[in-house]
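Peer 1: Quick check, what structure comes out for this input:
(one chain, ligands or ions: 3)
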Amino acid sequence: MSAAEQQDKTFYLETFGCQMNAHDSEKVVGTLVSQGYRQVPTVEEAGLVLYNTCSIRDKAEQKVFHRLADFKKLEKQGKRFGVLGCVAQQEGEKIFEKAPHVSLVCGSASYRKLPEMLLQIERAPVLTGKFDIQKRLRVTGLDDRETDECFETEFTARTNPHRGYITIIEGCDKFCSYCVVPFTRGKERSRTSDSVLAEARQMAELGYTEIQLLGQNVNSYKDAAGKRTFAELLAAVGEVRGIRRVRFTTSHPRDFGKDIIDAIDSVPALCDHVHLPVQSGSTRVLDAMQRLYTREQYLERISWMKSARRDISITSDVIVGFPGETEDDFQLTLSLLDEVEYDAVFAFKYSPRPNTPSIKMEDAIPDEEKSRRLAALLEKQREIQKRRNQKHLSEIVEVMVEGKNDARGQWMGRTSQNKTLNFVAPEGCSFESGSYVPVRVTTALPNSLVGEMVDG
Ligand code: SAH
Ligand code: SF4
Ligand code: F3S
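Peer 2: Ligands and ions are numbered 1, 2, ... in the order given. Sure, this is the predicted structure:
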């Protein structure tokens, strides 16, 4: 068989960005496989090379252009290149100018049309000559996402057989001043809670025990049929027979109601974890970011979690060096970290992004100063996590097994609080991924726990 024939209908897909993108890639794989394509693990083996991209920070966006430049010479072998996801939606046809060897640019609202687009690509002759640029095939799927309520593809190829994602709401209407998401993912559109529950039941029948509900602002969910609130949907998914763990991400503080905590308190399958990004501890900066809440309102939501019956772990995202952030503002973020005592924080240096209102504000804080603030914040958070994790010592917790680290002789598990708990088990014990095991915590590290399996 010739190399070209071997590459026939093979694709390579690399995914960047958030969990919504990871799940979108499962939809892309499902769609391509339904069209007779086969996924291969390297660019070299593939006929079609796809990147599902992220545009949240400049560094994320640059990754795809580096990849495209690295593999440009492979175009001569007849490979086709496609850019999917948020950079595709944001840059659109400009991508063809920056990387002329790309033949497909497709945003997340158009994945259902991939079969037609693939047909066009397959039928077109391969033109790689210097003067053929104008004649090359250029396929775009850049649907306007204003009215589209159905963002599911017909097929989804989930990568993990025990733990799976369900997108319940797409897009974002919040327009924080620094953020590209409302431009790359469009307006908020929610599915009906009945369709979400049908998918959850179907997954349970297939053997899934953990479901993660997804949305850029998952708790801004508004049932397209008006039947259930977000908290009611959460509870209903937690009550599906066979589902043992339900997670949801990301929550927006403005739309975070106490009913979510009440649901966690009353439905055992809902995990003890809330990711509630604060971005800054200074109300003045929150205002400039257009986050729609104050420090005090945010802390009120934290107090609901702290007074819950269950021990809820709390995690957050923070941006340092937003335009105009003073040392005093930054200190307010540090003091908020102390006050909340997060279990984990994802922190980023502010990155000016196209289309966003904050691109017009002067990005005057030097990169070294942003790096200093980031390091100081991470240092503080490390101490907090060490303290937080110490509280778990000698507790018995249930983990979902994720695999084995043979070098260390430890099994890897995840707790309901979303912490990594590596554990040892008596010789001869073996666990399948996805099984649930009771473990006693024996060591607390800043980023993980260590323990031993409890008999029985
Ligand atoms: N919808 C979620 C977050 C989605 S983006 C929310 O509102 O909290 C994930 C994280 O990336 C954000 O929480 C923020 O901390 C970070 N982020 C977004 N835009 C950024 C930018 N321009 N520069 C740096 N970090 C950014
Ligand atoms: Fe971006 Fe703000 Fe929407 Fe989150 S809420 S996705 S940060 S605009
Ligand atoms: Fe990135 Fe798009 Fe997600 S910009 S963070 S991949 S929604």
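Peer 1: Could you check how far the residue in the stretch 201-350 of the chain positioned nearest to ligand 2 is from Cys179?
Peer 2: Using Cβ to the nearest ligand atom, the single residue of the stretch 201-350 of the chain nearest to ligand 2 is Gln216, 4.2 Å away. Yep, even glycine has a C-beta here, placed from its N, CA and C like the rest. Going from Gln216 to Cys179 by Cβ to Cβ, to the nearest Å gives 9 Å.
Peer 1: Arg241 now?
Peer 2: From Arg241 over to Cys179 the distance is 39 Å, taken as Cβ to Cβ.
Peer 1: Looking at these two, which one has more neighbours?
Peer 2: Taking other Cβ atoms under 10 Å, Arg241 and Cys179 do not tie; Cys179 has more neighbours (22 against 7).
Peer 1: Residues in contact with the helix of greatest length in the chain: which ones?
Peer 2: Criterion DSSP state H: the longest helix present in the chain is helix 367-390. By Cβ atoms under 8 Å, 6 or more residues apart in numbering, the list of residues contacting helix 367-390 from outside reads 313, 318, 320-321, 330, 333-334, 337-338, 341-345, 347-350, 419, 444-449.
Peer 1: After that helix, heading C-terminal, what element do we hit next?
Peer 2: Next helix or strand after helix 367-390 toward the C-terminus (DSSP states H and E): strand 396-405.
Peer 1: what is the mean pLDDT for that next one?
Peer 2: Strand 396-405 carries an average pLDDT of 96.
Peer 1: quick revisit: does any part of the longest helix of the chain sit near ligand 1?
Peer 2: No. Figure legend: helix 367-390 not in contact with ligand 1 (Cβ under 6 Å from any ligand atom); closest approach 9.7 Å.
Peer 1: buried sites along that helix?
Peer 2: Residues Glu369, Lys370, Arg373, Leu374, Leu377, Lys380, Gln381, Ile384, Gln385, Arg388, Asn389 are the ones in helix 367-390 that count as buried (16 or more other Cβ atoms under 10 Å).
Peer 1: do stretch 153-166 as well
Peer 2: By 16+ other Cβ under 10 Å, the buried positions in stretch 153-166 come out as Thr153, Thr156, Ala157, Arg158, His162, Arg163, Gly164, Tyr165, Ile166.
Peer 1: That stretch: end-to-end distance?
Peer 2: 12 Å (Cα to Cα, to the nearest Å).
Peer 1: ok now it, how far from the chain's centre?
Peer 2: 14 Å (Cα atoms, centre = their mean, to the nearest Å).
Peer 1: And ligand 3, is that stretch touching that?
Peer 2: No. Applying Cβ under 6 Å from any ligand atom, one finds stretch 153-166 separated from ligand 3 by no less than 12.8 Å.
Peer 1: residues making contact with that stretch?
Peer 2: 19, 22-23, 26-31, 33-34, 111-112, 114, 196, 199-200, 203, 206-214, 245, 400, 433-434.
Peer 1: Could you pull up the mean pLDDT of that stretch?
Peer 2: Mean predicted confidence for stretch 153-166 is 90.
Peer 1: go on, stretch 106-113?
Peer 2: The average pLDDT within stretch 106-113 is 92.
Peer 1: List the buried residues of that stretch.
Peer 2: Under the neighbour-count criterion of 16+ other Cβ under 10 Å, stretch 106-113 has Cys106, Gly107, Ser108, Ala109, Ser110, Tyr111, Arg112 buried.
Peer 1: Can you give the distance of that stretch from its chain's centre?
Peer 2: Put simply, stretch 106-113 sits 18 Å off its chain's centre (Cα atoms, centre = their mean).
Peer 1: Using CSV, write out every CA atom in it.
Peer 2: What follows is stretch 106-113 as a C-alpha-only set of coordinates in CSV (Å, rounded to 0.1, in the frame of the first residue of the first chain):
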residue,chain,number,x,y,z
CYS,A,106,-14.3,25.6,11.6
GLY,A,107,-15.7,27.0,14.9
SER,A,108,-17.5,25.0,17.6
ALA,A,109,-21.0,25.8,16.4
SER,A,110,-20.4,24.1,13.0
TYR,A,111,-19.2,20.7,14.0
ARG,A,112,-22.5,19.1,12.9
LYS,A,113,-21.6,20.2,9.3
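Peer 1: so does it get close to ligand 3?
Peer 2: No. Against ligand 3, stretch 106-113 shows no contacts by Cβ under 6 Å from any ligand atom, the least distance being 7.8 Å.
Peer 1: what separates Phe96 from ligand 2, distance-wise?
Peer 2: Phe96 is 27 Å from ligand 2, where distance means Cβ to the nearest ligand atom, to the nearest Å.
Peer 1: part of a strand, is that residue?
Peer 2: No. Read with DSSP: H, G, I helix; E, B strand; the rest coil, Phe96 is helix and lies in no strand.
Peer 1: Can you give me the neighbour number for it?
Peer 2: By other Cβ under 10 Å, 19 other residues sit near Phe96.
Peer 1: In this structure it contacts Leu104, no?
Peer 2: No. Using Cβ atoms under 8 Å, Phe96 is not in contact with Leu104, being 9.9 Å away.
Peer 1: mind listing what the residue in the stretch 201-350 of the chain that ligand 3 sits nearest to touches?
Peer 2: Going by Cβ to the nearest ligand atom, ligand 3 is nearest to Gln216 of the stretch 201-350 of the chain, at 6.1 Å. By Cβ under 8 Å, 6+ apart, the contact set of Gln216 is Met20, Ile169, Glu170, Gly171, Cys172, Val181, Arg185, Thr250.
Peer 1: Could you measure from it over to Gly238?
Peer 2: Separation of Gln216 from Gly238 (Cβ to Cβ): 22 Å.
Peer 1: Measure how buried the closest residue to Lys98 other than its chain neighbours is and give me the count.
Peer 2: Among residues not flanking Lys98 along the chain, Phe65 sits closest, at 6.4 Å (Cβ to Cβ, 6 or more residues apart in numbering). Phe65 has 17 neighbours, counted by other Cβ under 10 Å.
Peer 1: hang on, Phe65 is in a strand, isn't it?
Peer 2: No. Membership of Phe65 in a strand is not supported by three-state DSSP, which gives helix.
Peer 1: Distance of it relative to ligand 1?
Peer 2: According to Cβ to the nearest ligand atom, Phe65 and ligand 1 sit 18 Å apart.
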